[in-house]
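Peer 1: One predicted model, sequence on top.
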Amino acid sequence: MQNYKRLLIATLPFSVIITTLITVAVPIYDNRALTYYFHGLFENASQIWIIVLVIIGFNCNLIISDLLLVMLIDRYYSVTSVLYSKSSECKSKLIYTFLLLTGLLQCLMFTILFSYKNLPWGLDVTFQSIELFHLQAVLVFQLSRVIGLVGILILNFRLGKDLKAKASPNVVLLHKMLTRAINATVLFMLLVTRVPLILAWLAKATPYDVLIDIVATMATCLQQTAFLGDMLITFYLVKPYKSYITQLFVGDKTVTTVMVY
């Protein structure tokens, strides 16, 4: 559970940034101008600041999604290393390296895509070709994550069956609790972040500016629900956290002992 806690804490700053940013900026997308316009605290922000904030928002979203996938992968390898008494450190490191490198490439691509038109020294012309392949690159990136997600969900489901026969009841319950919480969080994040983002990029392939504006704006606004949903799912499905929050509201002063495996 220690790794789960660390990864949960690692997602926190990125979730806070993107939620706060969308809430106070109120971004509205304009496909004709190929940019966002802010209507909140940053209404009078310069174009450069708008670009910077949009880049931060998109990249935070990508990092959060990859960290959730890492949670599922870590749960699988943590349990298999104990259950089968063999180290899978090499395999897990290769997977994490792949996620890190492709994630960095995706963040770099978004950074260039949103900023290249404002770059000096002729760099705007140099990076103009990104418009020709960025949709295909996003599709490949999303596909790699979907394949990884489906694969690790299946592996964790099979692992749960093996645990019942080979592990102690406490280990089985812990694995089931954490896996259920992570699965619920990932599915929720898919519905409110990934699916709207994919729909927004698909809408970009159409010639209808109004449709693109609506879909892109809705996809952006839905991102701010992810942090709240993540917290509610975690507090509801992870029993130690749920017990602690319940005690705060009911005024129970007894101390709950949490065993960490």
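Peer 2: Alright, I've got the coordinates.
Peer 1: need the next SSE after whichever strand or helix holds Ile154, C-terminal direction.
Peer 2: According to DSSP states H and E, Ile154 maps onto helix 130-166. Moving toward the C-terminus from helix 130-166, the next helix or strand (DSSP H and E) is helix 169-189.
Peer 1: ranges for the helices of this protein?
Peer 2: Secondary structure of the chain by DSSP state H: the helices cover 2-25, 47-83, 89-115, 123-126, 130-166, 169-189, 195-203, 209-222, 225-237, 239-250.
Peer 1: Compare those and give me the one nearest Leu41.
Peer 2: Counting by C-beta to C-beta, Leu41 lies closest to helix 2-25 out of the helices of the chain; the figure is 4.6 Å. Every residue, glycine included, has its C-beta placed from N, CA and C.
Peer 1: gap between the nearest residue in space to Ile73 that is not next to it in sequence and Leu21?
Peer 2: Once flanking residues are discounted, Ile73 sits nearest to Ile152: 5.5 Å by C-beta to C-beta, 6 or more residues apart in numbering. Taking C-beta to C-beta, to the nearest Å as the measure, Ile152 falls 29 Å from Leu21.
Peer 1: Which residue of those two possesses the greater neighbour count?
Peer 2: Neighbour count, other C-beta atoms under 10 Å: between Ile152 and Leu21, Ile152 has more, with 24 against 20.
Peer 1: give the contact list for the more buried one.
Peer 2: Ile152 makes contacts with 69, 72-73, 76, as judged by C-beta atoms under 8 Å, 6 or more residues apart in numbering.
Peer 1: which ones are touching the residue most central in space within the chain?
Peer 2: Centroid-nearest residue in the chain, with C-alpha atoms, centre = their mean: Ser65, separated by 1.8 Å. Ser65 makes contact with 145, 189, 193-194 under the criterion C-beta under 8 Å, 6+ apart.
Peer 1: Please repeat the previous calculation with a cut-off of 10 Å.
Peer 2: Neighbouring residues of Ser65 by C-beta atoms under 10 Å, 6 or more residues apart in numbering: 11, 14, 103, 142, 145, 149, 186, 189-190, 193-194, 197, 226.
Peer 1: now do Leu62
Peer 2: By C-beta under 10 Å, 6+ apart, the neighbours of Leu62 are 14, 102-104, 106-107, 110, 141, 145, 193, 197.
Peer 1: Reformat the contacts of Ile152 as a markdown table; add pLDDT and distance to Asn44.
Peer 2: Shown next, in a markdown table, are the contacts of Ile152 (pLDDT from 0 to 100; distance: C-beta to C-beta, whole Å):
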| residue | pLDDT | distance to Asn44 |
| --- | --- | --- |
| Leu69 | 85 | 38 |
| Leu72 | 81 | 43 |
| Ile73 | 85 | 44 |
| Tyr76 | 79 | 49 |
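Peer 1: got any ranges where the chain has weak pLDDT?
Peer 2: Residue ranges of the chain with pLDDT under 70: 1, 82-89, 165-167, 251-261.
Peer 1: number of nearby residues for the closest residue to Arg180 other than its chain neighbours?
Peer 2: Leaving aside its sequence neighbours, Arg180 sits nearest to Leu237 (C-beta to C-beta, 6+ apart; 5.6 Å). By other C-beta under 10 Å, 18 other residues sit near Leu237.
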